[in-house]
Structure formats: C-alpha cells, structure tokens
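>>> predicted model, plus sequence, below.
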Amino acid sequence: MTLQTGSNGNGHHAAVPEEIDYDDPRTTRFEKVKAAARQDGVDIVHYEPQFPERGSKLEKRMTRTVSWMFLLSGLFATAFVVFYIVWPWRWNPGDTLETFYTPILGVTLGLCLLFLAFAILTWGKKLLPKEVSIQDRHDGGAPEGDRRAVGQTLAYMVEELGVKRRPLLGLAAAAGAAPLAVLAAAPLIGGLIKNPHANNQMFTTGWAPIKEPDGSTRLVRLTRDDGTPIRPADVSAGGQMTVFPGIPEGATNVHADSPTLLIHLRPEDADVARANNEQGLRQDTFNRSDFMYGDYIAYSKICTHAGCPASLYEQQTNRLLCPCHQSQFLITDNAKPIFGPASRSLPQLPLDVDEEGYFVARSDFPATVGPDFWERP
C-alpha cells in the first residue's frame, strides 16, 4: 500500500492512501481500517493489543474470569426469577421466614447487575486493545468510500471483541444475559402462573368468621382494646366506641387493618342510615340492608385515602373526620366521602348480637379496607 502526504486545509499534514483494494485478501482488515481512517482524516496514532501473544495463558485466564462473571450474573438472575415465582408471596403474621422474601429478591437482583457490570468493564479494560485516534473536523456528508470504511471498521471492532477466537467468552456472555430477559418478564410470568387474587389478604381482616375443628363457624365478637366484649347497652345514643376483633392479638398491629368505629345513632339518624343502606351505593355488588343492628352501625376506622385513623366523630352532623388530610365521611349515607381527598366510602361491618347479648360481626368487611388498589373489583 502506497501512502502520500497531503494537507487537510488546517496546516496539518496527514498521510493518505492513493488507493486501496478492499477485496484484496492479502490486505489485513486492520490495514483496511487504518487506511480508510486516514482517508477520512482519522489517524490511529497508537494501537496496542492487551496480549502481544494471542492465546497466551494470561489471556485465557482473563477470558475465564470474564466468563465466570457473565455466568454468575445469569445464575443470580435465574435465582431471582425462581424466588419470585416459587416463594409463597402471602405474608402470614409470625412467619419469620417470609421476612427474607424481599431481601432475597434485592440481593439476587443486585448481584446479577453487579457481576454483569464487572464483566463488561473487565472485558473492555483487560481484553480489548488500547487505541488512540485523532481526527480533524470536516464538513459535508460522507462519500461512498467512507461508508464502506465504516462498515469495515464495525466488522473489525466485532473481530477485536474476540468472540470468534474466544468461544467460551461468547457462550458465557449469552448464558449470562439470557436470564436477564426472563428477569424483566418475571412479574408477568409470576402473575400468569399464580392468581394474585387467590386468597387475597387484602379482602381478609380479623373480623372473618372462625372455622372450628368440628367444621362449624364461630362469629367474631366486638371487643374493647383489653379484650372485653361489648353489649348494645354499653354505647349510649349518639356515642361511639373503637372496637377490635375478639381474637388473639386482635387489638395489636398483627390485625392493624381491623380497628372499627361502632356508633349508636339517634333513632331519626338511624332511620336515614337504614334507608340509605337498603338503597346502597351504585358501585357495590352486595346488599347492605341487614348490616345494621337496631340503631347501631359500624365502619372501618381506616381512611380510604392514606390509611390514617378516621376517628373524629361529629355527633350533630354525623360526619366522621380524618385528621391527616381532612377527609370527611357521612355516616348516615354509607360513610361516603363528602369532603377531602378520599374517593371511596369506608367499608361497613355487618353487625349482630349472639346468644349471650354481645355484639358480633356477621361477616368480614365486604369491601377492601384502607387505601384503594387499582385492581379492586
């Protein structure tokens, strides 16, 4: 290949090829790339392979190191997918094993991305050749020769990655990257394999009837925070009381979704509430006509906006106020929101009295407690 010196118009001189045959098999790809680069004003001033001797022990060792990093990345990605799908997703009170679910997902995902990053960085730093090129800026589009030169440059870059002569590296990279695609689709895959609404804990609170060993069902009593049951005579007309399910740890954070406000309405207000219960809300798919017991009515104490305790009861207006963001619910009209950011009514607890005269919950809340979630029926 014959070179000549020419001016680039800025006072700098660069050697440019008179002509080069890109189809000549005797010309190496690097010579083609270097000549084409000079043709476009790019001068490769320094080029140094990481390993002067191809296939040396040091190169093979570095190749194995990068390959192991890719494989470890794929291994942790696979572990993430397995734990995400196979691990029981429902949290049970007192089950300490479930507390490791989220940390395990975080650790496996973090190690997957960490080893992937190390593999890419090590590949670039330890296996790719060192090169320094300079170029003068030029105007106008690229001619046909330059476009062909770019094609040769890209092909040369692929060649220098060493995948062809380092098959282990290519296989390890593919094996490590393949599980990443599955990892990205893991939430979708998990939803397809398991029904996320089966035995959904968002529809179950401490008020759910208890199944006895003999197959019978026992209704849960309304109790004070000390566990003592409540009779209708314990709540005066116009008064209210915070009640908890009469089950073990019913008044603790184990059943934090169960605090309920029991209200004894005045007779005229109870008539209005009963009529509105019979009419119900349009979005409800259940009948509220028998949810009240006499003049007594009960609603979840957890605000449907942000989960704060809606505990400020105005006896004269029959409004229940949430102190956090000032949402207001009208007790005599299905506890529907009439002010503030809350957009959903407080769930109502069906009431009854057992044979000993104590309040019981006829069933669990028919609607989800607390802030709404987007898939709620």
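Noted; the coordinates are in hand.

>>> what about the helices in the chain?
Under the criterion DSSP state H, the chain carries helices at the ranges 29-39, 57-86, 101-122, 144-160, 167-184, 186-193, 267-279.

>>> among those helices, show the one with the smallest mean pLDDT.
Note on the helices of the chain: helix 186-193 shows the lowest mean pLDDT, a mean of 65.

>>> make a markdown table from the helices of the chain and add mean neighbour count and distance to Ala208 to it.
Backbone N, C-alpha and C define where each C-beta goes, glycine included. Output for the helices of the chain, formatted as a markdown table (neighbours: other CB atoms under 10 Å; distance: least, CB to CB, whole Å):
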| stretch | mean neighbour count | distance to Ala208 |
| --- | --- | --- |
| helix 29-39 | 19 | 73 |
| helix 57-86 | 18 | 27 |
| helix 101-122 | 16 | 24 |
| helix 144-160 | 14 | 62 |
| helix 167-184 | 17 | 36 |
| helix 186-193 | 13 | 25 |
| helix 267-279 | 16 | 21 |
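
>>> of those, which is nearest Trp207?
Trp207 sits nearest to helix 267-279 of all those, at 17.9 Å, using CB to CB.

>>> please compute how far that closest one lies from its chain's middle.
43 Å (CA atoms, centre = their mean, to the nearest Å).

>>> what lies in contact with it?
237, 265, 288-289, 291-292, 294-295, 297, 318, 331-334, 348 (CB atoms under 8 Å, 6 or more residues apart in numbering).

>>> any chance of a ChimeraX selection covering the buried ones in those?
A single ChimeraX command selects the buried members of those (16 or more other CB atoms under 10 Å):
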select :265,288,291,292,295,297,318,331,332,333,334,348
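
>>> re the thing from before, could the helices of the chain be laid out in CSV, adding distance to Phe359?
Output for the helices of the chain, formatted as CSV (distance: least, CB to CB, whole Å):
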stretch, distance to Phe359
helix 29-39, 86
helix 57-86, 43
helix 101-122, 37
helix 144-160, 76
helix 167-184, 50
helix 186-193, 40
helix 267-279, 16
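
>>> tell me which of those helices sits nearest to Gly370.
helix 101-122 (20.3 Å).

>>> got the angle for the closest one vs helix 167-184?
150 degrees (axes from the mean of the first three to the mean of the last three CA atoms, to 10 degrees).

>>> quick one: Asp290 and Ser363 touch, right?
No. With contact defined as CB atoms under 8 Å, Asp290 does not reach Ser363; the gap is 10.6 Å.

>>> right, and the helices of the chain - which one's nearest Arg221?
helix 267-279 (22.0 Å).

>>> to what extent is Leu330 buried, counted in neighbours?
19 (other CB atoms under 10 Å).

>>> now do the contacts for it.
Leu330 neighbours (CB under 8 Å, 6+ apart): 318-319, 336, 338.

>>> who wins on neighbours among the residues you listed?
Of these, with other CB under 10 Å as the count, Asn318 tops at 21 neighbours.

>>> and that one, its phi and psi?
The phi/psi pair for Asn318 (degrees, to the nearest 10) reads phi 60, psi 40.

>>> for Asn334, see how far away it is.
Using CB to CB, to the nearest Å, one obtains 12 Å as the distance from Asn318 to Asn334.

>>> please state the offset of stretch 47-59 from the chain centre?
On CA atoms, centre = their mean, the centre of stretch 47-59 falls 44 Å from that of its chain.

>>> need the overlap of contacts for Asp290 and Ser363.
Common contacts of Asp290 and Ser363 (CB under 8 Å, 6+ apart): Pro350.

>>> now, which of the contacts of helix 267-279 lie within strands?
Judged by DSSP state E, the contacts of helix 267-279 include Ile297 as members of strands.

>>> okay, buried residues for stretch 298-308 please.
298-305, 308.

>>> out of those residues, which comes closest to Trp87?
Ile302 (28.2 Å).

>>> list the contacts for that closest one?
Neighbours of Ile302 in contact, by CB under 8 Å, 6+ apart: 257, 259, 308-310, 346, 369-370.

>>> Ser133 too?
Applying CB under 8 Å, 6+ apart, the residues near Ser133 are 37, 42-45.

>>> check the residues you listed and tell me the two furthest apart.
Counting by CB to CB, the most remote pair of these is Ala37 and Val45, 10.7 Å apart.

>>> what about the stretch 251-377 of the chain, any weak spots by pLDDT?
Along the stretch 251-377 of the chain, the parts satisfying pLDDT under 70 run over 280-287, 372-377.

>>> the same query, at a cut-off of 80, please.
Scanning the stretch 251-377 of the chain for pLDDT under 80 picks out 278-289, 372-377.

>>> hang on, the earlier thing: just name the closest of the contacts of Ile302 to Asp225, please.
Pro259 (9.2 Å).

>>> phi and psi next, for that closest one.
Residue torsions, per degrees, to the nearest 10, at Pro259 are phi -50, psi 130.

>>> wait, what's in contact with Ala177?
Counted by CB under 8 Å, 6+ apart, Ala177 has contacts 70, 73-74, 116.

>>> try 10 Å
70, 73-74, 77, 116, 119 (CB atoms under 10 Å, 6 or more residues apart in numbering).

>>> from Ala119, how far out is it?
Ala177 is 10 Å from Ala119, by CB to CB.

>>> which neighbours do the two have in common?
Common neighbours of Ala177 and Ala119 (CB under 10 Å, 6+ apart) are 70, 73.

>>> beta partners of Thr260?
Going by DSSP bridges, Thr260 is paired in beta bridges with Val243, Ser300.

>>> how much space separates it from Ala310?
To Ala310, Thr260 is 11 Å away according to CB to CB.

>>> got any residues that touch both of these two?
Common neighbours of Thr260 and Ala310 (CB under 10 Å, 6+ apart) are 299-302, 346.

>>> which of the residues you listed lies closest to Glu355?
For these, the closest approach to Glu355 (CB to CB) belongs to Tyr299, at 25.5 Å.
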